[in-house]
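Trainee: Below: sequence and its predicted model.
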Amino acid sequence: MREGKSIDQLKVGDSTELSKVITELDIRESARVIGDCNPLHFDQAYAEKTIFKGRIAHGIFSL
C-alpha cells in the first residue's frame with residue numbers, strides 16, 4: 001500500500017500514478033458487478049473483428 005497524504009498536505013500540482021495488470025478475474029468480476037457481458041470483453045474472435053482488434057477491459061478501469 002502507498003504512503004498517502006492527508007487532505008491538509010495536498011498542494012496544487014501534486015500528482016500520483018497507479019498501474020495495474022488487468023486479469024481475467026478482473027474482467028469476469030467487473031461483468032458480474034456491473035452487468036456488462038459484451039462479447040468485446042470475453043470473445044477474442046468477436047473482438048478481433050472490431051476497431052479494437054482484440055478484447056478490451058471494461059471502461060471503468062480507465063478512470
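Mentor: On my side now, so go ahead.
Trainee: going forward, measure contacts between C-alpha atoms and count neighbours the same way
Mentor: Noted.
Trainee: Next up, phi/psi of the most far-flung residue of the chain relative to its centre, please.
Mentor: In the chain, counting by Cα atoms, centre = their mean, D8 sits farthest out from the average C-alpha position, at 29.2 Å. Backbone geometry at D8, expressed as degrees, to the nearest 10, gives phi -70, psi -20.
Trainee: measure I22 to D36 for me?
Mentor: As judged by Cα to Cα, to the nearest Å, I22 and D36 stand 16 Å apart.
Trainee: do H58 as well
Mentor: Counting by Cα to Cα - H58 and D36 are separated by 8 Å.
Trainee: Give me the common contacts of these two.
Mentor: Contact with both H58 and D36 is made by residues S30, according to Cα atoms under 8 Å, 6 or more residues apart in numbering.
Trainee: who's more crowded, those two?
Mentor: The neighbour count for H58 versus D36, taken as other Cα atoms under 10 Å, is higher for H58 (19 against 14).
Trainee: That one reaches H41, doesn't it?
Mentor: Yes. The pair H58 and H41 passes the contact test of Cα atoms under 8 Å, sitting 7.0 Å apart.
Trainee: Per-residue pLDDT of R2, please?
Mentor: Listed pLDDT for R2 reads 59.
Trainee: Could you report the pLDDT at D14?
Mentor: 92.
Trainee: ok, now S62?
Mentor: 84.
Trainee: Kindly report the same for N38.
Mentor: For N38, the model assigns a pLDDT of 96.
Trainee: helix or strand for A31, which one?
Mentor: Element membership for A31, per DSSP states H and E: helix 24-34.
Trainee: average pLDDT for that helix?
Mentor: pLDDT averaged over helix 24-34 gives 96.
Trainee: in the chain, which spans are helices?
Mentor: Taking DSSP state H, the helices of the chain run over residues 24-34, 39-42, 44-48.
Trainee: From the contact counts, what lies against the shortest one?
Mentor: The elements that helix 39-42 packs onto, with contact taken as 3 or more Cα pairs under 8 Å, 6 or more residues apart in numbering; DSSP states H and E, are helix 44-48.
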